[in-house]
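Asker: What follows is a predicted protein model with its sequence.
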Amino acid sequence: MIATFLDVAQTIGLPVVFALVAIETMGIPVPGETALITAAIVASRGRLQIEAVIAVAAAAAIVGDNVGFAIGRKLGRRLLTAPGPLLHHRRRVIAVGEPSFDSHGPKAVSLGRWVTGLRITAAWMAGVTRMSWPTFVFWNALGGIAWATSIGLVAYFVGHSAEKFIHLAGIGGAVVVVLGGLVLWLVLRTRRRRAEELVDAEVEAQLEAEAEPEASGR
């Protein structure tokens, strides 16, 4: 099954790897990192050049992030604060993201590349919080190149070993890995939910405070 998937993936080619990585970093949840990993494993079979895979993924990450940054800078805050559906959730994005980016913006842009949620939203939030564009370009390029290189090389060198492990471990090994991942996901989800509850309370209080002057003025 794994072999069949990789055989199909090699026909996708580098243009689709570029497109998926770029679209993901613009802020749209598509499997950009999965495309990079798959292309790198295909390269380990000699059917693609790993140097080309890394270069294409890095370029796509940089281009996509700059588009996402521009969108966030021009439209992001307006969309997040405009009256309408899901206002509470949209305000929460600012309540959570703005303090974080004020304190750790460059780290979020560069190191966040390895975190699924931040990889999708970091460029957008950098634009929303008005990060300096030269600062964003530097840290974005540094993160994009490091991310493409590290993920690409790990997948490239582990490619054959991963397939051998799957064949040797069989279904039992796969189940253990899945269960371990599920436990970790549940722990992280519980911690995230607690943090979200605190943020929800702050946003709710802010919305109520803004609504009181409007109600008294009627």
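Answerer: That came through, no problem.
Asker: CA only for contacts and neighbour counts going forward, please
Answerer: Noted.
Asker: Would you mind listing the buried residues in stretch 107-123?
Answerer: Across stretch 107-123, burial judged by 16 or more other C-alpha atoms under 10 Å covers 107-114, 118-123.
Asker: For those residues, give me CSV that also has distance to residue 148 and secondary structure.
Answerer: Converted to CSV, these look like this (distance: C-alpha to C-alpha, whole Å; DSSP: H, G, I helix; E, B strand; the rest coil):
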residue, distance to residue 148, secondary structure
107, 17, helix
108, 16, helix
109, 14, helix
110, 12, helix
111, 12, helix
112, 13, helix
113, 9, helix
114, 10, helix
118, 15, helix
119, 12, helix
120, 15, helix
121, 18, helix
122, 16, helix
123, 16, helix
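Asker: Out of the residues you listed, which comes closest to residue 75?
Answerer: residue 123 (12.9 Å; C-alpha to C-alpha).
Asker: Surely that closest one touches residue 25?
Answerer: Yes: between residue 123 and residue 25 there is a contact under C-alpha atoms under 8 Å: 7.3 Å.
Asker: which neighbours do the two share?
Answerer: Residues touching both residue 123 and residue 25 (C-alpha atoms under 8 Å, 6 or more residues apart in numbering) are 65, 68.
Asker: downstream neighbour of the helix or strand bottoming out on mean pLDDT in the chain in the secondary structure list?
Answerer: Lowest mean confidence among the helices and strands of the chain (mean pLDDT, DSSP states H and E): helix 2-9, at a mean of 50. Downstream of helix 2-9, the first helix or strand assigned by DSSP states H and E is helix 13-26.
Asker: Give the rounded mean pLDDT of that following helix.
Answerer: Averaging pLDDT along helix 13-26 gives 90.
Asker: buried sites along stretch 19-34?
Answerer: For stretch 19-34, burial by neighbour count (16+ other C-alpha under 10 Å) applies to 19-27, 29-30, 32-33.
Asker: picking up where we left off before, for residue 154, state which of the buried residues of stretch 107-123 is nearest.
Answerer: Of these, the one sitting nearest to residue 154 (C-alpha to C-alpha) turns out to be residue 114, at 13.1 Å.
Asker: I'd assumed residue 147 was in contact with that closest one.
Answerer: Yes: the criterion here is C-alpha under 8 Å, and residue 114 meets it with residue 147 at 6.8 Å.
Asker: Which residue ranges of the protein form helices?
Answerer: Taking DSSP state H as the test, the helices found in the chain are 2-9, 13-26, 32-44, 50-71, 77-81, 87-110, 116-128, 133-216.
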